[in-house]
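Visitor: give me a model of this one.
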Amino acid sequence: MTANTRRKGSVAALCLAAALLLLTGCSDFVDRDQQRVGSGSEATLEPGHLVGQTFVAHHGGLAGVEVWLEPRERGGGEIQFHLRAEPQAKDDLGATTLSLSQVTEPGFYRFSFSPLRDSHGRYFYAFLEMTGEGQAGVGAGPGNVYLNGALYRDHEPLDAQAAFRLVYDPWWMVWDLGWAGVKGIGLLAAAGLLYVVPGWALLAWLWPGRPLSWAEKLGIAAGLSLAVYPLLFLWTDLVGLHLGTLYAWLPVLGGLAALIWRYRDCRPRAGADKRRPWESLRQWARSEALWPDLALVMVLGLVFGVRLLVVRTLDAPMWGDSYHHTMIAQLLVDNGGLFDSWEPYAELQSFTYHFGFHAAMAALHWLTGMETVKVVLWGAQVINGLAVLALYPLALRVGGDRWTGVVAVLVAGLLSPMPMYYVNWGRYTQLAGQVILPAAVLLSWSALEASRRDWRLIGLGWLAVGGLALTHYRVLIFYVVFVLAWMLLALRRGTWRRILARVTWVGAGAGVLFLPWFAHIFTGKILRIFGHRLTTAPSQVSSFIQQYNAIGDLAFYMSPVWWLFLVVAVAVGLWRRRRGVLLMSLWWFLLLISANPNWLQLPGSGAISNYALFIAVYILAGVLIGGLLGWVMSRLRPWRWSGVLAALLVVGVGLGGARVRMGDMRVAQHAMVTRPDMRAMTWIRENVAEDARLLINSFFAYG
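Guide: Numbering: from 1, shown residues only. Take a look at the predicted model:
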């Protein structure tokens, strides 16, 4: 085959691919909003009586509504469709007609109109009107099958939902998603200033060991940065300072200044070789780091992208925990720092809860100006992504290969339901603790095994552990159990006195940083509850605690395939005599025993719940499975195209995982604030006295 023929064939293939894309792109996108049709719930559309539905559009470019219609009485009438901003509005945003004669069988019938490019997140009211003779049935389901609207009869709401699907113009939909991506990048940039820059500056000045890769620095910096804010809140409060907005700006500006000064010698000077930066870039492009680094960037893009995308249509974070976290964050904002009084939200006069997550959210509010509800909604998703990124340096320490870190991020971020599933519960304080935990473990591990006492490394460990203690008490116990596991392994190579001396130095400074808050906790009931659980004998544990502490279905926490991979990873790691694998395995074995002391007839059931442990199992799975697959990839490294193929495989698997993770959010089961609630609250503010008390529906969280 000649070069010209090959060139023509390539052009033809490209044209065919472009044509297929155009044909695909020209078809409208139909969302599955509410498709349930129940017997007895349908409404009759007839002359003189209207049938409507309120809804929220999930995308830009709303171009039509498909409604389930059933033929009733034949006639020459027409069905007129109207789209308005709300039931009280008088102006149509879109209108069209459908002849009743076209409704020949039950099914969805489309009413199209000019695309509304700014429809994303907007509230709409669509209604049908019969003119002329005839009737049609409008399919409907129960009132609880759709949360963002209701079925209407003659402009009055009913406890039911019409069966409908929304149609979007693909081009405006893509435009809307692109604009959402731009705003997401802006959010990540602001979050990077808060949650990366302070920790990166600390590493730049204090890290004494081998040079770290950019990804290692990123993961450790995230943990250190989140640890800084609660420590800053606590120690300024001790001297009577409430800094407000400065809590956000001081770490950011201080971190930027420290980085600029630290790297001041990297600035190009007169007469210097300006090709040096490009030469460094070329060296990286020719190194073995190229493909794992590129794969990591792509995977991180998917990890953060899918987390931000799923919450675009939420009005508030979900479930009861989110309500309390938002309230605490708002109180931090209102008081410009720590507080004792919960008023005006509750008649309480003590605050002993861990507050690291809330301090980080208050800082994001002060930096961006977003309202606190939105800050918790979006900021928590950033924290979710950082919890995945934080595994990279720990995985590298265990596996010793960049691919180990890439696979760890892939498994935890896109292939495991945890921690993505946390969005349903609002379990964000534990999540924030699990951003700091890998950094605290890695820094302490490095300090404990250093050949000599290095105060810079120990100081970094103090900051991480002190911040962790203020962010989540239970995750702090995870860290303590890690230190215990390290001590048990270290006994083979040292004496008790030497080991205790090292552990004491590592823990002493963190204890001092946390001590004022630990003393403050005694004013509340947390320590009494914890102490009661620690001292309760197995035979006296209540049936509720036994049920609450049950492990449950392992497949809920992670797919059986990945459980199998985890077992294989442990076995292969021990067979290869990898000390890091042994330490990680022993750590989580001791955690499992700590969550189930009754197995050894010991007291303490419920102090660490199996639930809290198993929703964090992505940490162990990511690190060890990453180590296993990273080792396999290293065995293939001599092959010329192994890096390219590995990167393509990782990104391809990541795309598939991202699609699955999109379905992890369970809005119908966990959303407590929807668009009708927001509209009702607006009406209450405008029409009800401020001192009025409202009776609302409620339910018990644990049945």
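Visitor: what about Asp31, which SS state?
Guide: strand (DSSP: H, G, I helix; E, B strand; the rest coil).
Visitor: just to check, Ala140 is in contact with Arg153?
Guide: No - counting by Cβ atoms under 8 Å, Ala140 does not reach Arg153; the two are 10.2 Å apart. Where you see a C-beta, it was placed from the backbone N, CA and C, and this is true even at glycine.
Visitor: lowest-confidence helix or strand of this protein?
Guide: Least confident element among the helices and strands of the chain, by mean pLDDT, DSSP states H and E: helix 3-26 (a mean of 40).
Visitor: and Phe127, backbone torsions?
Guide: phi -140, psi 150 (degrees, to the nearest 10).
Visitor: excluding sequence neighbours, find me the nearest residue to it.
Guide: Gly52 (3.0 Å; Cβ to Cβ, 6 or more residues apart in numbering).
Visitor: for Asn148, same thing?
Guide: Closest to Asn148 by Cβ to Cβ, 6+ apart is Val56, at 4.1 Å.
Visitor: for the one you found, give me phi and psi.
Guide: Backbone phi and psi, for Val56 under degrees, to the nearest 10, turn out to be phi -120, psi 130.
Visitor: ditto for Val541
Guide: phi -70, psi 130.
Visitor: nearest spatial neighbour of it, skipping sequence neighbours?
Guide: Ser605 (4.8 Å).
Visitor: and for Thr674?
Guide: In space, Thr674 is closest to Leu147, 4.4 Å off (Cβ to Cβ, 6+ apart).
Visitor: wait, a helix at that neighbour?
Guide: No - under three-state DSSP, Leu147 falls outside any helix and is assigned coil.
Visitor: run a quick neighbour tally on it.
Guide: As a burial measure, Leu147 scores 19 neighbours (other Cβ atoms under 10 Å).
Visitor: now tell me what touches the host helix or strand of the residue nearest to Phe127 from outside.
Guide: Per DSSP states H and E: Gly52 is located in strand 51-56. By Cβ atoms under 8 Å, 6 or more residues apart in numbering, the surrounding residues in contact with strand 51-56 are 33, 43-45, 67, 86-87, 121-128, 138, 146, 148-153, 155, 157, 161-162, 164, 166, 313, 675-676.
Visitor: just the ones of those residues in strands?
Guide: Applying DSSP state E to the contacts of strand 51-56, the entries found in strands are 33, 43-45, 67, 123-128, 138, 151-153, 157, 161-162, 164, 166.
Visitor: in contact with Ala658, which residues?
Guide: Counting by Cβ under 8 Å, 6+ apart, Ala658 touches 302, 305-306, 414.
Visitor: now it: how far from Leu302?
Guide: As for Ala658, its distance to Leu302 is 5 Å (criterion: Cβ to Cβ, to the nearest Å).
Visitor: do the same with Trp171
Guide: Counting by Cβ to Cβ - Trp171 and Leu302 are separated by 24 Å.
Visitor: between those two, point out the one with more neighbours.
Guide: Leu302 (21 against 14).
Visitor: what's the first helix or strand after the helix or strand where the more buried one lies?
Guide: Leu302 belongs to helix 290-310 when assigned by DSSP H and E. For helix 290-310, the following helix or strand on the C-terminal side (DSSP H and E) is helix 319-335.
Visitor: now stretch 162-174: buried residues?
Guide: Using 16 or more other Cβ atoms under 10 Å as the burial criterion, the residues of stretch 162-174 that qualify are 162-170, 172-174.
Visitor: columns pLDDT and distance to Gly622 on top of those residues, output as CSV?
Guide: CSV is the format used below for the buried residues of stretch 162-174 (pLDDT from 0 to 100; distance: Cβ to Cβ, whole Å):
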residue, pLDDT, distance to Gly622
Ala162, 94, 44
Ala163, 94, 41
Phe164, 95, 41
Arg165, 95, 38
Leu166, 96, 37
Val167, 96, 40
Tyr168, 96, 36
Asp169, 95, 40
Pro170, 94, 36
Trp172, 94, 38
Met173, 93, 33
Val174, 93, 32
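Visitor: can you tell me how far the nearest residue to Glu73 once chain neighbours are set aside is from Gly433?
Guide: Nearest residue to Glu73 in three dimensions, chain neighbours excluded: Gln135, at 4.1 Å (Cβ to Cβ, 6+ apart). Distance, Gln135 to Gly433, using Cβ to Cβ: 60 Å.
Visitor: what of Val228?
Guide: 14 Å.
Visitor: repeat that for Phe233.
Guide: Per Cβ to Cβ, Phe233 is found 16 Å from Gly433.
Visitor: ok so, going back, burial of the residue nearest to Val541, as a residue count?
Guide: When neighbours are counted by other Cβ under 10 Å, Ser605 comes out with 25.
Visitor: next, it: secondary structure please.
Guide: State at Ser605, reduced to three classes by three-state DSSP: coil.
Visitor: now do Arg492
Guide: At Arg492, secondary structure determined by three-state DSSP is coil.
Visitor: from Leu582, how far out is it?
Guide: 11 Å.
Visitor: next one: Ser99
Guide: Using Cβ to Cβ, one obtains 74 Å as the distance from Ser99 to Leu582.
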